[in-house]
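>>> any chance you could fold what I've pasted below:
(one chain, ligands or ions: 2)
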Amino acid sequence: MTASPAFERLAIVGIGLIGSSLARAVRAEGLARTIVCADANADHAARAKAIGIVDEATTDPAEAAAGADLVMLCVPIGAYADVARTIGPALKPGAIVTDVGSVKQAVIDAVAPHLPEGVHLVPGHPVAGTEKSGPDAGFAALFPGRWCILTPVPGADEGATRKVADLWRACGMTVERMDPGHHDRVLAITSHLPHLIAYTIVGTATDLEEHLRQEVIKYSASGFRDFTRIAGSDPTMWRDVFLNNREAVLDCLQRFTEDLTALQRSIRRGEGDALFDLFTRTREIRKGVLDARQA
Ligand SMILES: NC(=O)c1ccc[n+]([C@@H]2O[C@H](COP(=O)([O-])OP(=O)(O)OC[C@H]3O[C@@H](n4cnc5c(N)ncnc54)[C@H](O)[C@@H]3O)[C@@H](O)[C@H]2O)c1
Ligand SMILES: O=C(O)C(=O)C[C@]1(C(=O)O)C=C[C@@H](O)C=C1
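Ligands and ions are numbered 1, 2, ... in the order given. Prediction:
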């Protein structure tokens, strides 16, 4: 631990994949003197304490948040309003409340009304994750080289925003600021729609007749395998993402459906050039993602 850690008491509410990854990174970098977690699942709280990634663990978010200078919300988005209502009265003046939620405007709407005067809200989203869940799934190396998007609301405290940005930088992330609505539209296409497509394709395969389904699993060491990884993601988290980014996702889905229909027509009409042109363009996109080291 460095002589003066950036935070005296960090409270992580929800010690699952992202919360426990953060706890590990904060420990490794000596960024907080005390790390305390709260999790509604008593086994998760106890496990986090047992493996030594937190100093204190409880099932009560208010107990964890009391006296904390930084509170990091790492619960599914549908739980944000309840958690914010519970911790609100326990927060000390000057405390910073931040989060990791995959949707931003809905998080601001759910949390801001419950925070007392003098407490700073800094919404954030580390764009890094896996399909796994729970405190044992986390790892500090999740963050380096990835983006973290902060979406401060107008009039937000600049000092608080800078402290949160510094925390994620110290965890190895590159920090960018964005308008919350813009964030939700960007992530709808880069993250939410791909998950929806994965859930659909795996669901469709599951609905095929029994003998074909077995072959789908047997020969899945191909393109299908990548879809099954994503489609194995946490159902609660993703239900909440889709319910809380409804408009942007439906908009992307409309565009996607139109493009899929155009592709369907090209195949039916034998328009090889159209297929070739599209696949050439998408191959360039893949190359760009690899070049940016985001694959
Ligand atoms: N999984 C990803 O790839 C990823 C990436 C970036 C951001 N996120 C966001 O991070 C958040 C957490 O996702 P995760 O993947 O860590 O999920 P997770 O399921 O691994 O962890 C969530 C934890 O929150 C706890 N919890 C649920 N409701 C609670 C409540 N009311 N009070 C206290 N604890 C509660 C659960 O018991 C669990 O331990 C979500 O908002 C998600 O959108 C996820
Ligand atoms: O790699 C994965 O498994 C992920 O789904 C991670 C992923 C993403 O779509 O990139 C999922 C949701 C988050 O909000 C951020 C990251």
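>>> now do the helices in the stretch 151-295 of the chain.
Remark: helices assigned in the stretch 151-295 of the chain by DSSP state H, counting those that start in this stretch are 158-170, 180-187, 193-207, 210-218, 223-231, 235-244, 246-269, 272-291.
>>> quick test: name the residue nearest the centre of the chain.
Central residue of the chain (C-alpha atoms, centre = their mean): Ser102, 4.1 Å from the mean position.
>>> show the pLDDT at the nearest residue to that residue once chain neighbours are set aside.
Spatial nearest neighbour of Ser102, chain neighbours left out: Val241 (5.1 Å); criterion: C-beta to C-beta, 6 or more residues apart in numbering. Just so you know, the C-beta spots here come from the backbone N, C-alpha and C atoms, and that holds for glycine as well. Per-residue confidence at Val241 stands at 98 (pLDDT).
>>> mind checking how far Val241 is from ligand 1?
To ligand 1, Val241 is 6 Å away according to C-beta to the nearest ligand atom, to the nearest Å.
>>> ok, now Ala81?
Noted for Ala81: a distance of 10 Å to ligand 1, by C-beta to the nearest ligand atom.
>>> show me where pLDDT drops low in the stretch 151-295 of the chain?
221 (pLDDT under 70).
>>> who in it is up against ligand 1?
Along the stretch 151-295 of the chain, the residues adjacent to ligand 1 under the rule C-beta under 6 Å from any ligand atom are Asp234, Met237, Val241.
>>> the first one touches Ser133, doesn't it?
Yes: in terms of C-beta atoms under 8 Å, Asp234 counts as a neighbour of Ser133; the distance is 4.6 Å.
>>> for these two, indicate the residue with more neighbours.
In this view Asp234 and Ser133 are compared by other C-beta atoms under 10 Å, and Ser133 has more residues nearby, 21 against 18.
>>> was I right to think the more buried one contacts Leu17?
Yes: if you go by C-beta under 8 Å, Ser133 and Leu17 touch, sitting 5.4 Å apart.
>>> that older thread, so who does the residue nearest to Ser102 touch?
Val241 sits next to Ile77, Ser102, Val103, His192, His195 when contact means C-beta atoms under 8 Å, 6 or more residues apart in numbering.
>>> which of the residues you listed has the most neighbours?
Ranking those using other C-beta under 10 Å puts Val103 first, with 28 neighbours.
>>> residue contacts, that one?
Ile77, Asp184, Leu187, Val241, Asn244, Asn245.
>>> biggest separation within these, which pair?
Pairwise distances across these peak at 12.2 Å for Ile77 and Leu187 (criterion: C-beta to C-beta).
>>> shared neighbours, these two?
Shared contacts of Ile77 and Leu187, defined by C-beta under 8 Å, 6+ apart, are found at Ser102, Val103.
>>> wait, which of the contacts of Val103 is closest to Asp109?
Asp109 has its nearest neighbour among those in Asn244, at 9.0 Å by C-beta to C-beta.
>>> so the closest one versus Gly101, what's the distance?
Distance of Asn244 to Gly101, given as C-beta to C-beta, to the nearest Å: 8 Å.
>>> can you check Arg85 too?
According to C-beta to C-beta, Arg85 and Gly101 sit 16 Å apart.
>>> low-confidence ranges, the stretch 1-150 of the chain, go.
For the stretch 1-150 of the chain, the stretches with pLDDT under 70 are 1-3.
>>> contact residues of it facing ligand 2?
Checking the stretch 1-150 of the chain against ligand 2 by C-beta under 6 Å from any ligand atom, the hits are Ser102, Val127, Ala128, Gly129, Thr130, Glu131.
>>> of these, buried ones?
Neighbour counting over these (16 or more other C-beta atoms under 10 Å) leaves Ser102, Val127, Ala128, Gly129, Thr130 as the buried ones.
>>> just those that are near ligand 1?
Near ligand 1, by the rule C-beta under 6 Å from any ligand atom, you find Ser102, Gly129, Thr130 out of those.
>>> okay, those residues in JSON lines with distance to Glu29 and secondary structure next?
As requested, these are exported to JSON lines (distance: C-beta to C-beta, whole Å; DSSP: H, G, I helix; E, B strand; the rest coil):
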{"residue": "Ser102", "distance to Glu29": "24", "secondary structure": "coil"}
{"residue": "Gly129", "distance to Glu29": "20", "secondary structure": "coil"}
{"residue": "Thr130", "distance to Glu29": "21", "secondary structure": "coil"}
